[in-house]
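Novice: pasting the sequence and the predicted coordinates here, then a few questions.
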Amino acid sequence: MLRAENLSFQIGSQYLVRDISLTVRPGEFTMVLGPNGAGKSTLLKLLTGTETPQQGKVWYGSQLLESIPLATLARQKAVLSQLLSLPFDLSVIELVMMGRYPYFDLNPTSHDKQIADECLASTGMKSFKNRAFASLSGGEKQKIHLARVLAQLYRNPDDQSTKYLFLDEPISALDIHFQHQILRLVKELAMQNMVVFVIVHDLNLAFQYADRVVLMYDGCIFRAGSPKDVLTEDAIQTVFQLKPYFLAHPELGSQIAVF
Ligand SMILES: Nc1ncnc2c1ncn2[C@@H]1O[C@H](COP(=O)(O)OP(=O)(O)OP(=O)(O)O)[C@@H](O)[C@H]1O
């Protein structure tokens with residue numbers, strides 16, 4: 001379980017995140033929504049240790065995040081940020097193999113290679129294995145980075161430990177088919193004792209896939225709970241300044257918001 005208590009982060013006099021407390025449980029697909037600038041990415045950085053809050057604490061299970069050795073953390077936690085380009089060139093397989101760095105010394109083992117191949121296949125990118133990463137399209141790059149974080153958190157059958165997966169807008173460049181394929185994949189991971197924290201902008205994907213929604217507004221949590229309880233007409237109107245109309249998905253019955 002991931003737990004944050006009273007997190008605040010400011011730059012100068014501006015609060016980017018203010019007094020946030022939340023719990024993210026393994027087994028639940030948690031999606032974070034909110035308008036541009038609401039503080040979603042900043043919260044993710046505080047929860048992953050990329051930024052240090054001026055106030056508040058983060059626990060992974062019973063351990064304070066700041067007390068976990070980096071080598072241990074690298075096997076527990078993976079982050080996909082919004083930044084997809086690299087300052088240097090790598091092949092696709094070299095980039096995916098970066099996810100295995102916490103597990104081998106000098107050279108990847110055959111097991112690491114097998115995992116990298118499997119993760120590439122699970123994002124539909126097996127045939128891109130030997131391409132130069134820089135030559136890929138935006139959506140293809142996003143899928144390769146996803147394969148990298150999946151390789152990092154790959155669980156051997158005897159490993160019962162909790163893993164922590166953080167994805168900042170992982171499907172923003174993906175076509176509809178892959179948006180759904182990747183969210184189904186992440187949902188399966190959530191069900192396998194993984195803490196999953198995913199930032200998205202699409203309310204309807206949250207209705208369809210999220211078990212729990214955290215709606216952020218102006219550096220704070222506006223509301224958290226089931227998608228239906230959180231993404232109500234009044235909440236959407238307040239936070240996004242748009243009036244929603246609700247329909248029902250013809251097969252799934254889940255809610256759909258149109259504007
Ligand atoms: N280094 C910085 N200096 C000053 N302000 C910053 C800095 N980094 C972020 N901010 C501001 O903090 C606020 C929150 O940013 P953040 O990236 O967390 O928002 P977000 O909810 O993820 O937005 P988006 O949906 O656009 O990705 C924004 O107003 C942003 O401009």
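Specialist: Nice, I can see it.

Novice: Ile236 belongs to a helix, doesn't it?
Specialist: Yes: counting by DSSP: H, G, I helix; E, B strand; the rest coil, Ile236 falls inside a helix.

Novice: so what's the residue count around the closest residue to it other than its chain neighbours?
Specialist: With Cβ to Cβ, 6 or more residues apart in numbering as the criterion, Ile236 has its nearest non-adjacent residue at 4.7 Å, and that residue is Pro244. No exception for glycine: its C-beta is placed from N, CA and C like everyone else's. Other residues near Pro244 come to 19 when the count uses other Cβ atoms under 10 Å.

Novice: backbone dihedrals for Pro244, please?
Specialist: phi -90, psi 150 (degrees, to the nearest 10).

Novice: let me know the pLDDT of the residue positioned nearest the centre of the chain.
Specialist: Centroid-nearest residue in the chain, with Cα atoms, centre = their mean: Leu167, separated by 1.9 Å. Model confidence at Leu167, given as pLDDT, is 97.

Novice: partner strands of the helix or strand where it lies and their direction?
Specialist: Taking DSSP states H and E as the criterion, Leu167 maps to strand 163-168. Applying DSSP bridges to the sheet, strand 163-168 is found paired with strand 77-80 (parallel), strand 194-199 (parallel).

Novice: other residues contacting that strand?
Specialist: Residues from elsewhere that reach strand 163-168 (Cβ atoms under 8 Å, 6 or more residues apart in numbering): 2, 40-41, 44, 47-48, 60, 76-82, 146, 149, 153, 155, 186, 189, 193-199.

Novice: ok, and of those residues, which contact the ligand?
Specialist: 40-41 (Cβ under 6 Å from any ligand atom).

Novice: are any of the contacts of strand 163-168 buried, and which?
Specialist: Buried members of the contacts of strand 163-168, counted by 16 or more other Cβ atoms under 10 Å: 2, 40-41, 44, 47-48, 60, 76-81, 146, 149, 153, 186, 189, 194-199.

Novice: run a quick neighbour tally on Ile176.
Specialist: Ile176 has 8 nearby residues by other Cβ under 10 Å.

Novice: tell me the confidence at it?
Specialist: 95.

Novice: go on, Phe197?
Specialist: Per the predicted model, pLDDT is 97 at Phe197.

Novice: which stretches of the chain have low pLDDT?
Specialist: The chain contains no residues with pLDDT under 70.

Novice: hey, where'd the strands end up in it?
Specialist: All strands of the chain, identified by DSSP state E, fall at 2-11, 14-24, 29-33, 55-60, 63-64, 77-80, 163-168, 194-199, 212-217, 220-225, 245-248, 255-258.

Novice: so which of the ones you listed gets nearest Gly139?
Specialist: strand 77-80 (13.7 Å; Cβ to Cβ).

Novice: how far out from the middle of the chain is that closest one?
Specialist: 7 Å (Cα atoms, centre = their mean, to the nearest Å).
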